[in-house]
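Sequence plus predicted model, see below.
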Amino acid sequence: MFIHNEISVPELSTKNVNRKRFYQTPEGKLYPSITTVLQKRKMAGLMEWRKNVGDDVANYIARTAAHRGTKVHHMCEDFLNNNFDEETHKKNFLPYVLFGQMKPVLMQKVNNIYAQECGLYSDKYRVAGRVDCIAEYNNIPSIIDFKTSRKERNDDWNESYYIQASAYAEMFEERTGISINQIVILVVTEDGVVQEFVKDK
């Protein structure tokens, strides 16, 4: 059983503006999601890849990746909430198998959970977002992000992930006064490899 030391932060509503996600703060301010902001950094590479593989293939890969990632994320969330329904989740075969690879890492290294799927925002940076998990990782308070991938990731590809997780750490400190200095990106690949990228914020 995972221990929860929940920290309360105000819930945020979302709004789409020109097909981009924005969060509305309790004070009524609209801030773009950190993923929307970072999307611009990746756009040139994505457009080149789309041109190389063609729209049909690109659309299929993007849809499949989004579905796989969402399912694995929900499984991690339910598991850490001590609320994992085996019968429901195993109907999604590939995500269930991928989650099974990540599960031992969660059991060994994650505990004392502060928040999951928590909406955060920063008045200083004027961005917002929804963090996967804030918990102790190897006994150190951390921002933890769950990712899936078709193949193993080179650390050089993770810059946007690190910026995103560091932004969540800044937002969380601004909202709660609690400093989080470690970020963790957990990636499970389709061939069953679990990669742990642990960095200082």
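Okay, I see it.

Against Lys91, how distant is Ser13?
31 Å (C-beta to C-beta, to the nearest Å). All C-beta spots, glycine's among them, are computed from the backbone N, C-alpha and C.

ugh, typo on my part, it should be Gly129
Gly129 sits 30 Å away from Lys91, taking C-beta to C-beta as the criterion.

Name the residue in these two with the higher neighbour count.
Here Gly129 and Lys91 are set side by side on neighbour count (other C-beta atoms under 10 Å), and the busier one is Gly129, at 25 against 9.

Three-state assignment for that one, please.
strand (DSSP: H, G, I helix; E, B strand; the rest coil).

for the residue lying closest to it once chain neighbours are set aside, what are its contacts?
With C-beta to C-beta, 6 or more residues apart in numbering as the measure, Ile34 is the residue that lies nearest to Gly129, at 4.2 Å, once sequence neighbours are left out. Ile34 makes contact with 127-129, 163-164, 167-168 under the criterion C-beta atoms under 8 Å, 6 or more residues apart in numbering.

Let me see the ranges of the strands in the protein.
With strands called from DSSP state E, the chain shows them at 13-17, 20-24, 30-32, 110-122, 127-137, 140-149, 182-189, 194-200.

So what's the model's average confidence on the fifth one?
Per-residue confidence for strand 127-137 averages out to 97 on the pLDDT scale.

Mind giving me the packing neighbours of it?
Applying 3 or more C-beta pairs under 8 Å, 6 or more residues apart in numbering; DSSP states H and E, one finds that strand 127-137 makes contact with strand 20-24, strand 30-32, helix 34-53, helix 55-80, strand 110-122, strand 140-149, helix 159-176.

again, but for the first one
In terms of contacts (3+ C-beta pairs under 8 Å, 6+ apart), strand 13-17 is packed against strand 20-24.

For the strand it packs on, which residues meet the burial criterion?
Using 16 or more other C-beta atoms under 10 Å as the burial criterion, the residues of strand 20-24 that qualify are 21-24.

likewise stretch 88-96?
Judged by neighbour count (16+ other C-beta under 10 Å), stretch 88-96 contains these buried residues: 89, 92, 95-96.

Could you do stretch 143-158 as well?
Applying a neighbour-count criterion of 16+ other C-beta under 10 Å, one finds 143-149, 153, 158 buried in stretch 143-158.

Check the offset of that stretch from the chain's centre.
A distance of 10 Å separates the centroid of the chain from that of stretch 143-158, by C-alpha atoms, centre = their mean, to the nearest Å.

quick one: contacts of that stretch?
Residues contacting stretch 143-158 (C-beta under 8 Å, 6+ apart): 61, 65, 68-69, 72-73, 76, 95, 98, 102, 110, 131-135, 137, 161, 164-166, 168-169, 172, 180, 182-191, 193, 195, 197, 201.

coming back round to it: which one, of the strands of the chain, ends up nearest to Met1?
Comparing the strands of the chain by their distance to Met1 (C-beta to C-beta), the top pick is strand 110-122, with 9.6 Å.

Return the set of buried residues in the closest one.
Neighbour-count burial for strand 110-122, counted by 16+ other C-beta under 10 Å, picks out 110-111, 113-116, 118-122.

which residues touch Ala115?
Contacts of Ala115 (C-beta under 8 Å, 6+ apart): 6-7, 9, 131, 133-134, 172.
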